[in-house]
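let me see the structure of the following:
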Amino acid sequence: MEDLNELKQKVSLLDYIKQSATGKIERVGNNEYRLNPCPVCGSKDHFTIYADSNSYSSFNGCCKGGTIIDYFIEIEHLSTEEAIKKLYQITGTEYKTKTRQKGDKNVAKTGQKNEVEKVQEKEQNNNLTREELEKTITFIQEGIKQKNIDNVMQVVSKRGISKEIADKYNMFVANLGKEARLFIPIFENRKPKAYISRAIDPTSPVRYKNSKGEIIPFNREYITKENGKNESIYICEGIFDGLSIEEADKKAIALNSTSQVNKFIEYMQKHIKTASSYNYILCFDNDEAGEKATNEMKTALEEMKISYKVLQIPKEYKDINEWFVSFSGNLEAFKQELNPYHKETILNYINNSFLNDISKMNNYKGRSTGFKELDKKINGVYPGLYVLGAISSLGKTTYIHQLADQMASRGEKVIFFSLEQSKFELVAKGVSRQTFLINPKEAKTSLSIMQNTDIADITIEAVRDYQEIANNTIIVEGNFDMTVKTIRNYVESYIKTTGNKPIVILDYLQILRPINDRWTEKQQVDFNVSELKRISRDNDIPIFIICSFNRENYSTTVDFTSFKESGAIEYGADVVMGLQLKVMEDLKGDVNKKREEINKAKAQTPREVNLIGLKNRNGKSYFKCSYKFYPAFNFFEEVETLEED
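Numbers count the residues shown, from 1 in each chain. All right, here's what the predicted structure looks like:
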């Protein structure tokens, strides 16, 4: 086996951490670097990497520091042998385990240990030498004997912690060096293992300074006991979060850092028989690291087939303890909020959100599509999912594009995701339509505008008139890589950046790339429709999507079976509409005869087209709007109809 010390120098610890750690690395001195947040305790400005010595340490004392082997053990929670094997692997060196053989005289004489044995002794003692562990235990025991609970309460009462909880968990105040600190011992099987200390002076440069070695999760032994009372266990991040939950007479395990998630999952797997008897409530901090920890725990619990629920901490609070303190001692109210199902009751919705939602709906009142007859039928545009289908070349893109332009002209912000036509084509359609509105006799086709064959005065005027519409419209040209997740990211970023709630249009559904390439077309459509509906609901916005028809329905009147893979559309959409030629209502004869009549109707200028409403949550379940369609100029003209009984 090659010398371990030589191998340690072959790997740059700084480069390794840059590639593997999730935090941010900044240079703070000559060949010194700081990793934030600390991968051990989650605090900032103390985990330091030294490029010259190829080592790391923590000013906070939350970890012992050392070489890359120590990093594998302390930070990545590998066993000693796993850490050594990993070093051999990343250096491309063959690893051969040296074991003692019976009668090995050299070992018997010298008492020497191989590289694995040298570090294993520390691993068994929480990554501490026997002397270091005994020193920590003695310090805790002497601190508890002081029984200075009054001093403790001066510190923890500000965090809402009661004397009963402080006494239960043997908290004490003692000096560490010249600084007085609050100490919270960590016990397991009634034996002290480590401690967490917090500075009492708020100006202290190091808030948390923990005992050396691994800090095991607070109360992790809960999961090793049988669950005889059908109890839940709350999994949180910081120890004061766990103490806050314990105040409400609930069981809480605090991991002390999100970097401990994988280690805790391994501990659960080790005790799966008892651990699986509990339900878990996840309540990590309201930040990026907390969200990541939540997702990792969710995945692990699902794989272990263990039930869980995520508790949503209100956005204005960073963690459980800050939220707890806001209740100002009203423990019963806090207990109620700790129930993750409390906020899901209708009563909670009525008391907290119902009137706000009514106000939101009033804000949408009067939003017009620009089509007078359509507005009457659907009662205006509200947040929800609108689906428009039609056979090929009947003008479904033109119709929805005209609707978008009409809404933009009324001040609505529009995001048009075009997966089929380019921005150039769509803008040319819009300008062509404007020329028709100015003067139908002199109107220009979109093709003539694109080919620059006729820059007439009317075209210049149309471009000028189109400015207001253009200022309120964004066209996002799609490609075969665009997914429903791409759309969500774009829309939500737009809302956060501008503060505007846009009208979103997708042309068209079947071109969206599937999230999973192995899915059937039905699975793809079902997922995308459901996700688009969810985007609409999450952001309170209307989303219009264009959908293609089945070929076998080209010669039949519009119904739900016309839509490709119509299941999710029928049940998930709020409004479902289809364009069809007016002649479809009177078609008779065989298929060839019907096709002949359809082609004649398509050749007419203008074409007579009906919009058929198949589903409408906010109005009549079935409706019809009639139009004259001028395909050359991309324009649908409404034909007023008598009110239906």
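
what's the first helix or strand after the host helix or strand of Tyr571?
Element membership for Tyr571 (DSSP states H and E) is helix 567-572. Downstream of helix 567-572, the first helix or strand assigned by DSSP H and E is strand 575-581.

what sits up against that following strand?
378, 384-391, 394-396, 399, 549, 557-560, 562-563, 569-570, 598, 601-602, 607-618 (CB atoms under 8 Å, 6 or more residues apart in numbering). C-betas here are computed from N, CA, C, even on glycine.

I'd say Ala275 and Glu221 touch.
No. Using CB atoms under 8 Å, Ala275 is not in contact with Glu221, being 10.9 Å away.

between those two, who's got more neighbours?
Ala275 (22 against 16; other CB atoms under 10 Å).

state whether Thr398 is indeed within a strand.
No. With DSSP: H, G, I helix; E, B strand; the rest coil as the criterion, Thr398 is assigned helix and is not in a strand.

secondary structure element for the nearest residue to Thr22 once chain neighbours are set aside, which one?
Nearest residue to Thr22 in three dimensions, chain neighbours excluded: Lys292, at 7.5 Å (CB to CB, 6 or more residues apart in numbering). Taking DSSP H and E as the criterion, the element that holds Lys292 is helix 288-303.

count the neighbours of the residue nearest to Thr22 for me.
14.

what's the answer for Lys343, then?
Lys343 has 15 nearby residues by other CB under 10 Å.

which residues does it contact?
Lys343 sits in contact with Gln312, Glu337, where contact means CB under 8 Å, 6+ apart.

so it versus Asp507, what's the distance?
Noted for Lys343: a distance of 38 Å to Asp507, by CB to CB, to the nearest Å.

is Glu608 in a bridge, and if so with what?
Listed beta-bridge partners, Glu608: Lys628 (assigned using DSSP bridges).

again, but for Ile612
Residues in beta-bridge contact with Ile612 (DSSP bridges): Gly578, Lys624.

surely it meets Ser626?
No. Contact between Ile612 and Ser626 fails when scored by CB under 8 Å: they sit 10.4 Å apart.

more neighbours: which of the two?
Of the pair Ile612 and Ser626, Ile612 is the one with more neighbours under other CB under 10 Å, namely 21 against 15.

and the strands in the stretch 151-300 of the chain?
With strands called from DSSP state E, counting those that start in this stretch, the stretch 151-300 of the chain shows them at 172-176, 179-188, 191-199, 232-236, 251-254, 279-282.

strand partners (parallel or antiparallel) of the longest one?
Translated: strand 179-188. Partners of strand 179-188 in its sheet, by DSSP bridges: strand 172-176 (antiparallel), strand 191-199 (antiparallel).

mind listing what's buried along the shortest one?
By neighbour count on 16 or more other CB atoms under 10 Å, the buried set for strand 172-176 is Phe172, Val173, Ala174.

wait, which of those is closest to Gly66?
Ala174 (27.0 Å; CB to CB).

relative to Glu132, how far out is the closest one?
For Ala174 relative to Glu132 (CB to CB), the value is 18 Å.

contacting residues around the one helix or strand Asn5 maps to?
If you go by DSSP H and E, Asn5 is part of helix 4-10. Residues from elsewhere that reach helix 4-10 (CB under 8 Å, 6+ apart): Asn54, Thr67, Ile68, Ile69, Ile84, Leu87, Tyr88, Thr91, Thr93, Glu115.

which element is the nearest residue to Glu442 once chain neighbours are set aside on?
Distances taken as CB to CB, 6+ apart put Ile458 closest to Glu442, at 5.0 Å, once the chain neighbours are dropped. Applying DSSP H and E as the criterion places Ile458 in helix 457-465.

please apply the same query to Gly430.
helix 423-438.

which other helices and strands contact that helix?
Contacts defined by 3 or more CB pairs under 8 Å, 6 or more residues apart in numbering; DSSP states H and E place helix 423-438 against helix 396-409, helix 446-450, helix 457-465, helix 467-471, strand 473-477, strand 635-639.

and those: which comes nearest Glu531?
Judging these by CB to CB, what sits closest to Glu531 is strand 473-477, at 16.9 Å.

residues of the helix or strand that the closest one is followed by that come out buried?
Downstream of strand 473-477, the next assigned helix or strand under DSSP H and E is helix 484-498. Across helix 484-498, burial judged by 16+ other CB under 10 Å covers Val484, Thr486, Ile487, Arg488, Tyr490, Val491, Tyr494, Ile495.

which one of those is nearest Asn351?
Looking at these and their distance to Asn351, the nearest is Ile495, at 26.9 Å (CB to CB).

show me the domain layout of this structure.
Following automatic domain parsing, the chain resolves into domains at 4-124, 126-216, 221-362, 380-639.

endpoint to endpoint, the last one covers what distance?
Read it as domain 380-639. The separation between the terminal residues of domain 380-639, taken as CA to CA, to the nearest Å, is 18 Å.

what is the mean pLDDT for it?
The average of the pLDDT scores along domain 380-639 is 89.

circling back: buried sites along the helix holding Asn5?
Leu4, Leu7, Lys8.
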